[in-house]
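K.L.:
Got a predicted structure plus its sequence, pasted below:
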Amino acid sequence: LKVNIPLAEVFTTPTIRELSRHIKNRQEEVYASVEPAEKKDYYVLSSTQ
């Protein structure tokens, strides 16, 4: 569903029907995936690394 619901809301919503209304009213969240880095013999680090 790509919807984030706080756990507290699951316990404070008295019925499944009401919880489904909350889910329908929330906007879909977009998750950006992290792409793997290309393979190298070594990787440059910063001075703090």
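P.N.:
Sure thing, it's come through. Residues are numbered from 1 along each chain as shown.

K.L.:
Figure out the helix or strand that the residue in the chain sticking out farthest from the centre lives in.
P.N.:
Seen from the C-alpha centroid of the chain, the residue lying at the greatest distance (C-alpha atoms, centre = their mean) is residue 41, 32.7 Å away. Residue 41 belongs to no helix or strand when assigned by DSSP states H and E.

K.L.:
Got the confidence number for it?
P.N.:
Model confidence at residue 41, given as pLDDT, is 93.

K.L.:
contact partners of stretch 11-20?
P.N.:
By C-beta atoms under 8 Å, 6 or more residues apart in numbering, the residues outside stretch 11-20 that reach it are 5, 9-10, 22. (Glycine included, C-beta is placed from N, CA and C.)

K.L.:
which residues in this structure form helices?
P.N.:
Here the chain has its helices, by DSSP state H, at 7-12, 16-25.

K.L.:
Out of those helices, which is the most enclosed?
P.N.:
Each of these was scored by mean neighbour count; the highest is helix 16-25, a mean of 11, by mean count of other C-beta atoms under 10 Å.

K.L.:
Could you check how far residue 17 is from residue 24?
P.N.:
11 Å (C-beta to C-beta, to the nearest Å).

K.L.:
Dump the helices of the chain to a markdown table, plus distance to residue 48.
P.N.:
Listed next are those as a markdown table, based on distance: least, C-beta to C-beta, whole Å:
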| stretch | distance to residue 48 |
| --- | --- |
| helix 7-12 | 36 |
| helix 16-25 | 42 |
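
K.L.:
can you put those helices in CSV and add mean pLDDT and distance to residue 32?
P.N.:
Below are the helices of the chain laid out as CSV (pLDDT from 0 to 100; distance: least, C-beta to C-beta, whole Å):
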stretch, mean pLDDT, distance to residue 32
helix 7-12, 91, 23
helix 16-25, 89, 22
